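>>> Got a sequence here, can you build the structure:
(one chain, ligands or ions: 1)
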Amino acid sequence: MKTNLCERVSAARSFGGMQHRRPPKQRVAPLQLVTATVSDDRFEAIVKSSDDAIISKTLTGIITSWNPGAEAIFGYTEREMIGQPMLRLFPIERQDEEYYILEKILAGEPVSHFETVRIHKSGKPVHVSVSISPLRDSEGNIVGASKIARDITKQVELESAAEQFRALVSSSDDAIITKDINGNICSWNNAAQTIFGYTEEEMIGEPTLRLFPEDRIEEETFILGKILAGEKVDHFETVRIRKDGKQIHVSVTISPIRDRHGNVVGASKIARDITPLRRHQEKLEHIAHYDGLTDLPNRLLLTDRLRQAMALCKRGSQQLAVLYLDLDGFKQINDTHGHDVGDALLVALSRRMAGSLREADTLARIGGDEFVAVLMDINSAEKLKRIVGRILCACAEPVMIDGKRLEVTASIGVTTYPHDDADEDQLMRHADLAMYEAKQAGKNRFHIFDAFREAEGKSRHVYVRRLGEALERNELLLHYQPKINMKTNEVVGVEALIRWQHPDRGLLSPSAFLPLIDGHSINEELGIWVIGRALAQMELWRGQGICMPVSVNLAPNQLQDELFPTILANMLARYPDIDPADLELEILETSAMHDIDAVSHVMQACRQLGVQFSIDDFGTGYSSLTYLKRLPAKTLKIDQSFVRDMLSDHEDLAIVCGVIGLATAFQRKVIAEGVESEAHGKKLMELGCELAQGYGISRPMPGPKMRQWLSAWNANPAWS
Ligand SMILES: Nc1nc2c(ncn2[C@@H]2O[C@H](COP(=O)(O)OP(=O)(O)OP(=O)(O)O)[C@@H](O)[C@H]2O)c(=O)[nH]1
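Numbering: from 1, shown residues only. Predicted coordinates for the structure are as follows:
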C-alpha cells in the first residue's frame, strides 16, 4: 500500500509539472461554461440550492467554482476559495489523496463515493463522501475536475458511536440483553452466554422466563409492570438458573426501551453475576456468626436467636429456658493430652449435645469450654429437667479420641423466661450465675436460677439506701426482751432487738429488713449503732436503779473486723459506770464458724475488755465440738425453732437435750429462746435448762416500759 501511495504521489507530481507548462494566467473556465450540454440557468439554480458542496478545480488543484453548499460544509465563502488550492481543505496526513485523485482524473476516471475527512474553516474535521469526475473542454481534453462532496459527519459519528456501543456490549463482563414487550429476547451478548450458559442462537426469540427459578416467576410480572410504566428497576438482586441448572445470584438493572415516539417497546437488561460476591458475603457472615471450631452459633447469633425466641414466647405465652454450660475439668484434658485433643473433644461433645436437643432449640459455643443452649417451649419443670439431664449425660459419656478415652462432665446453670423477666443479656448472666452455683455445689449437675432472689437483690440497694436514711432520721429503735431464771424467777438480763419505725409501713421487726441487707457493710454500721444505743439505755436504766445485763446481736462480719475491739473499747469508755461484763455480745453460730481463727482472735480481744459472748441460734450450724471449744463464749442459746417444737417433736427434743448436755460438758451457761408456754418452761427445767426467754415470759418492749414491767414481774412471778 505504501509503495502504491508513493507511486500515486510521484505520478501526481509529474502531472503537476505538466500543468506548469501551460501559461500561468490561463484560467480554467467555470463549470457551467465548460459544460457543453448543461449550461443554462436551471443548472446554476441546482448548483446554488444543493446541500452538497459542488466544486470545480483545475488539473493543478486550484478551485474554480464554489457553491453555497460548499460554503455551508467547509465554512469558507466563494470569494475566499476561488483561486485557492483544493489542498487547503485537506488534513496534512491526507494530502496525498489529492495527488491520487488528480491522477485518476487525468486518466479520465471518476472517483466515486470516496469517504474521507476534510478540514472546516474552524479547524474541525468534516467527514465527507466525495465523487469526482473529470471536466473536459469542447474537444474532449480533460481540463479540470468537478467534485460533489456530501457532509456525512453525523452519519459517521453515529456509526462510530454504534460501533463503540457494539464493542462495549460484546466486551462487557455483564450480560446485556434486550427483550421485547412480551419478554422475548432480542439481543444476547457474549457475557450473557458466559453467565447463563446459553448461546445467542439458543436465546434469541426465547422468553426471559426461561432463566427464572420457579419460585421467582412472579418477578417477571413485577419487572414488566415497572417497565410498562416507564420506570427503571435498579440493582435488583435475585437468583436465576443457568443452562446447567445451577442457581446464580445476579444483580439486574432493567430500563425501558422506547421508540422515537416515546412508546415503550421493550427493555434492556444488564445482569451482573454476583454469585462469587454472594458466596464471599455468606462466608463472611458465617465466620461472623458461627464458631470456627465447632461450627455452632457464636454469641452474636445466639443473642439474636434468643431475642427472637423471647419475642415468640411473649406472643405465644410459652416459656423458654436458657442453659449456661461449662465443662468440668476441661483444662486437665488440654494439659494432659494437648490442645488438639482438647479441640477434638470440644467438637465431639458439641455434636453430642446438639444431638440431644430438639430442632427448634439452639446450641451455641460462646467461648473456651462454655456453651449456651436456648430451649424452646418448656412448659413444665419436669420437661426442663429431662432435657438438662440428657445434656449432662451427653457430656459425661466418655469420648474416644486418638485411642484415648476422655471423660469430662458439665455444670449447667438454668434460667427460664418469662418467669425470669429479664433481657437477653441478663438471662445469660443469670444462667451463668446459676452455673457457678452448680460448680460450687460439686459440678456435674445443674442449678436453676432463683429469679425471686434476684428480684430481692434489686430491691436490696434501695433498702440499703433507705436504711441509711432511717439511721439518720432516728427511725430505728431498740426493744428489749427479758431473760429469766425460771427456777428463781430472777430477771437475768434483756436482749436488745432492733426495730424500724417505718413512716409508711409501721413498726418493722428485723426479719422484715435485715435479710435484704445481708452481706452489706451497712450491717456492721447497724451493729455499732445497736451497741451504742444499748449502752445509752443501760446508762438511763442505771439512773433509775435498774442494773442488768443487756445482750446485743452482732453483725456477722463484725467478728472478722480487727478494728472492732478498738471501736468497742471507745464506746465502753464513754460509759465508765457501766460494767463491761453487763454487755453481752450475741454471735450467730454460723458466722462464728466462718473463719474460726480470725473470729476467735477478735472475740479474745473483746473478752479482754470484759464483755461476754453468747452463741445465738445454737444447734442450727452443726458446729464441731472443736470449734465450740475454741470460742470464748459464756452462754449457748438454744435456737427457738427446736425449743418451740420440742414438746411434740422428738428430734427437736433430742437436739435441745444435746445442746444442754454440751453446755454442761463445756461449762457454759445455756438459755432457751422461744419459750412460749409454761409447759415449755417446765420441760426445759426438767432437762436442766433454767434460763429462758420467749413470749411466754414477755414480748420485747421499748426501754422506757422496762421499769414498769420489772415491778409487775417481781410482784407476780409466773414461774415457780
Ligand atoms: N482445646 C481448647 N482449649 C480451650 C479453647 N478455648 C479455651 N480453652 C481452654 O479451656 C480451659 C477452660 O478453662 P476452665 O473452664 O477454667 O477449665 P476447667 O478445667 O473446665 O475448670 P472448671 O470449669 O472449673 O471445671 C482453659 O484451659 C482454656 O485455655 C479451645 O478453643 N480449645
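
>>> Just confirm residue 73 contacts residue 152, I think it does.
No: using Cβ atoms under 8 Å as the test, residue 73 is too far from residue 152 to be in contact (10.2 Å). Every residue, glycine included, has its C-beta placed from N, CA and C.

>>> tell me the secondary structure for the residue in the chain sticking out farthest from the centre?
Computed with Cα atoms, centre = their mean, the residue of the chain farthest from its C-alpha average is residue 139, at 99.4 Å. Secondary structure assignment for residue 139 (DSSP: H, G, I helix; E, B strand; the rest coil): coil.

>>> Same question for residue 377.
What three-state DSSP gives for residue 377 is coil.

>>> Residue 227 too?
With three-state DSSP as the basis, residue 227 sits in helix.

>>> quick one, what contacts it?
Applying Cβ atoms under 8 Å, 6 or more residues apart in numbering to residue 227 gives the contacts 233, 254, 255, 256, 264, 267.

>>> low-confidence ranges in the protein?
Along the chain, the parts satisfying pLDDT under 70 run over 1-40, 452-460, 515-516, 590-594, 619-627, 714-720.

>>> Show me how it divides into domains.
Here the domain parsing of the chain from automatic domain parsing is 2-153, 172-278, 295-449, 470-712.

>>> Make JSON lines out of those and add distance to residue 464.
Below are the domains of the chain laid out as JSON lines (distance: least, Cβ to Cβ, whole Å):
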{"stretch": "domain 2-153", "distance to residue 464": "91"}
{"stretch": "domain 172-278", "distance to residue 464": "56"}
{"stretch": "domain 295-449", "distance to residue 464": "20"}
{"stretch": "domain 470-712", "distance to residue 464": "5"}
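
>>> could these be laid out in TSV, adding distance to the ligand?
Converted to TSV, the domains of the chain look like this (distance: least, Cβ to the nearest ligand atom, whole Å):
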stretch	distance to the ligand
domain 2-153	72
domain 172-278	30
domain 295-449	3
domain 470-712	23
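
>>> who wins for proximity to residue 160 among the ones you listed?
Smallest distance to residue 160 across the domains of the chain (Cβ to Cβ): 9.5 Å, for domain 2-153.

>>> Which stretches in the stretch 401-550 of the chain count as helices?
In order along the chain, the stretch 401-550 of the chain carries the following helices (DSSP state H, counting those that start in this stretch): 424-440, 451-472, 522-543.

>>> hmm, back to that, give me the common contacts of residue 73 and residue 152.
residue 128.

>>> if we can go back for a sec, looking at the domains of the chain, spot the one closest to residue 159.
That would be domain 2-153 among the domains of the chain, by Cβ to Cβ, at 9.1 Å.

>>> which one of residue 73 and residue 152 has more residues nearby?
A direct count of neighbours by other Cβ atoms under 10 Å for residue 73 and residue 152 places residue 73 higher, at 22 against 18.

>>> which strands and helices sit next to the one helix or strand the more buried one maps to?
Counting by DSSP states H and E, the element that carries residue 73 is helix 68-74. Where contact means 3 or more Cβ pairs under 8 Å, 6 or more residues apart in numbering; DSSP states H and E, helix 68-74 is packed against strand 53-58, helix 78-81, strand 125-136, strand 142-151.

>>> just so I know, which of these lies nearest residue 499?
strand 125-136 (109.8 Å).

>>> who does the closest one touch, helix- and strand-wise?
Contacts defined by 3+ Cβ pairs under 8 Å, 6+ apart place strand 125-136 against helix 31-34, helix 68-74, helix 96-106, strand 111-119, strand 142-151, helix 153-171.

>>> Can I get the ones you listed in CSV including distance to residue 428?
Converted to CSV, the helices and strands packed on strand 125-136 look like this (distance: least, Cβ to Cβ, whole Å):
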stretch, distance to residue 428
helix 31-34, 100
helix 68-74, 84
helix 96-106, 86
strand 111-119, 78
strand 142-151, 80
helix 153-171, 55
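
>>> Isn't residue 632 up against residue 605?
No: with contact defined as Cβ under 8 Å, residue 632 does not reach residue 605; the gap is 10.2 Å.

>>> Show me which of those two is the more surrounded one.
Between residue 632 and residue 605, counting by other Cβ under 10 Å, residue 605 is the more crowded of the two (15 against 12).

>>> So for the more buried one, what's the nearest residue that isn't a sequence neighbour?
residue 565 (3.7 Å; Cβ to Cβ, 6 or more residues apart in numbering).

>>> for residue 653, same thing?
residue 646 (4.3 Å).

>>> neighbours of that neighbour, just the number please.
Residue 646: 23 surrounding residues under other Cβ under 10 Å.

>>> Contact partners for it?
The contact partners of residue 646, taken as Cβ under 8 Å, 6+ apart, are 652, 653, 655, 656, 680, 683.

>>> Could you count how many residues lie near the last one?
Here the count is done by other Cβ under 10 Å, and residue 683 has 18 residues near it.

>>> Over to the first one?
By the criterion of other Cβ under 10 Å, residue 652 has 19 neighbours.

>>> Make TSV out of the helices of the stretch 401-550 of the chain and add mean neighbour count and distance to residue 377.
Below are the helices of the stretch 401-550 of the chain laid out as TSV (neighbours: other Cβ atoms under 10 Å; distance: least, Cβ to Cβ, whole Å):
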stretch	mean neighbour count	distance to residue 377
helix 424-440	19	16
helix 451-472	13	19
helix 522-543	18	43
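
>>> Out of those helices, which is closest to residue 664?
Each of those was scored for nearness to residue 664 using Cβ to Cβ, and the closest is helix 522-543 (29.2 Å).

>>> which residue ranges form the helices in the stretch 201-350 of the chain?
Along the stretch 201-350 of the chain, the stretches classed as helices by DSSP H, counting those that start in this stretch are 218-228, 275-289, 299-316, 330-337, 339-355.

>>> Kindly compare burial across the ones you listed and name the winner.
With neighbours taken as mean count of other Cβ atoms under 10 Å, the helices of the stretch 201-350 of the chain reach their highest mean count in helix 339-355, at a mean of 18.

>>> who touches the spatially most central residue of the chain in this structure?
The chain has residue 300 as the residue nearest its centroid, 5.6 Å off, counting by Cα atoms, centre = their mean. Counting by Cβ under 8 Å, 6+ apart, residue 300 makes contact with 288, 289.

>>> let's see it at 6 Å
Residues in contact with residue 300 (Cβ atoms under 6 Å, 6 or more residues apart in numbering) are residue 289.

>>> Equivalent analysis for residue 323, please.
Contacts for residue 323 (Cβ under 6 Å, 6+ apart) come out as 373, 412, 414.

>>> Now the last one. Nearest residue, chain neighbours left out?
By the measure of Cβ to Cβ, 6+ apart, the closest residue to residue 414 outside its immediate chain neighbours is residue 448, 4.8 Å from it.
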